[in-house]
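> sequence first, predicted coordinates after that:
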Amino acid sequence: QVHFVESGGGLVQAGGSLRLSCATSGRAFSVLAMGWFRQAPGKEREFVAAINWNGGNTYYADSVKGRFTISRDNAKNTVYLQMNSLKFEDTAVYYCAARAGTAVVLATQYNYWGQGTQVTVSS
């Protein structure tokens, strides 16, 4: 089992920045691929970014490429999502997720999920 503590969400103006953190405990963090997903009201959960176990490979949705950066610190069992140049359409609940194996973009491939943190971007 993997437990998550997500933080860093909040209200920000368009063009601003936020950094989300997801601290984990339970299963060995260093062997897990981590992902960030988001879900806006009335919409399906969508992929945002993913990172493999050692940070050597990262993947991004086209909508966030160049603005968001995923990173991890295995010594702190934490994955981050730096979000810059935020847009109104980035407003959503953001979830971190974990899986054993390679980083993938499909939500159904992740076994463990955080509780989510709200990000609201005002236009």
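Yep, that arrived.
> which residues are in contact with stretch 43-61?
By Cβ atoms under 8 Å, 6 or more residues apart in numbering, the residues outside stretch 43-61 that reach it are 30-39, 64, 68-72, 74, 79, 81, 92, 94-95, 102-107. No exception for glycine: its C-beta is placed from N, CA and C like everyone else's.
> now with 7 Å, please.
For stretch 43-61, the surrounding residues in contact (Cβ atoms under 7 Å, 6 or more residues apart in numbering) are 30-39, 64, 68, 70-72, 79, 81, 102-105, 107.
> among the residues you listed, which are in helices?
Among those, none falls in helices (DSSP state H).
> out of the residues you listed, which end up buried?
The neighbour-count test (16 or more other Cβ atoms under 10 Å) marks 32-38, 64, 68, 70, 72, 79, 81, 103-104, 107 as buried among those.
> mind picking the two most distant members of those residues?
Maximum pairwise distance among those (Cβ to Cβ): 21.3 Å, between L32 and V64.
> what sits against G101?
When contacts are counted by Cβ under 7 Å, 6+ apart, G101 touches A33.
> from L32, how far off is it?
Applying Cβ to Cβ, to the nearest Å, the value for G101 to L32 is 9 Å.
> again with R38
For R38, the distance to L32 - Cβ to Cβ - is 20 Å.
> measure the nearest residue in space to A92 that is not next to it in sequence to D62 for me?
Excluding the flanking residues, the one nearest A92 by Cβ to Cβ, 6 or more residues apart in numbering is R38, at 3.8 Å. R38 is 14 Å from D62, where distance means Cβ to Cβ.
> correct me, but V12 touches S85?
No - taking contacts as Cβ atoms under 7 Å, V12 lies outside contact range of S85: 10.9 Å.
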